[in-house]
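S.K.: Predicted model, plus sequence, below.
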Amino acid sequence: QDEASLSPPDDDSWLNVDPQQLEAMLNQHYGAASKIPHQEPTSIKEKIKAFLNQSSEIDGVEFPG
């Protein structure tokens, strides 16, 4: 088609968001960050390590006890 017959491009100004606006949008959608339980990185690391050290069979990982 001829470029002159095309409709004008969409407005993409909604993509320009400063960090404060982004934080406000995320808080509105997902809630404040303080609602997320805080875990120490070592705690997560230890849980993953414990999971990987478990034996697995065709049905999945077997946890003792």
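M.R.: Nice, thanks for sending it over.

S.K.: so where does the closest residue to Val17 other than its chain neighbours fall, helix or strand?
M.R.: Excluding the flanking residues, the one nearest Val17 by C-beta to C-beta, 6 or more residues apart in numbering is Met25, at 7.3 Å. All C-beta spots, glycine's among them, are computed from the backbone N, C-alpha and C. Met25 is located in helix 19-30, with elements delineated by DSSP states H and E.

S.K.: Quick one: mean pLDDT for that helix?
M.R.: Averaged over helix 19-30, pLDDT sits at 90.

S.K.: same question, stretch 43-50
M.R.: Stretch 43-50 comes out at a mean pLDDT of 84.

S.K.: Return it as CSV; C-alpha atoms alone will do.
M.R.: Presented in CSV, the C-alpha positions along stretch 43-50 are these (Å, rounded to 0.1, in the frame of the first residue of the first chain):
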residue,chain,number,x,y,z
SER,A,43,17.2,-20.5,53.6
ILE,A,44,16.1,-20.8,50.0
LYS,A,45,19.6,-22.2,49.1
GLU,A,46,19.3,-24.8,51.8
LYS,A,47,15.8,-25.8,50.7
ILE,A,48,16.9,-26.3,47.1
LYS,A,49,20.0,-28.2,48.3
ALA,A,50,17.8,-30.5,50.4
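
S.K.: what are the ranges of the strands in the chain?
M.R.: Along the chain, the segments classed as strands by DSSP state E run 55-57, 60-62.

S.K.: rank the ones you listed by pLDDT, which is bottom?
M.R.: Comparing mean pLDDT across the strands of the chain, the lowest value falls on strand 60-62: a mean of 67.
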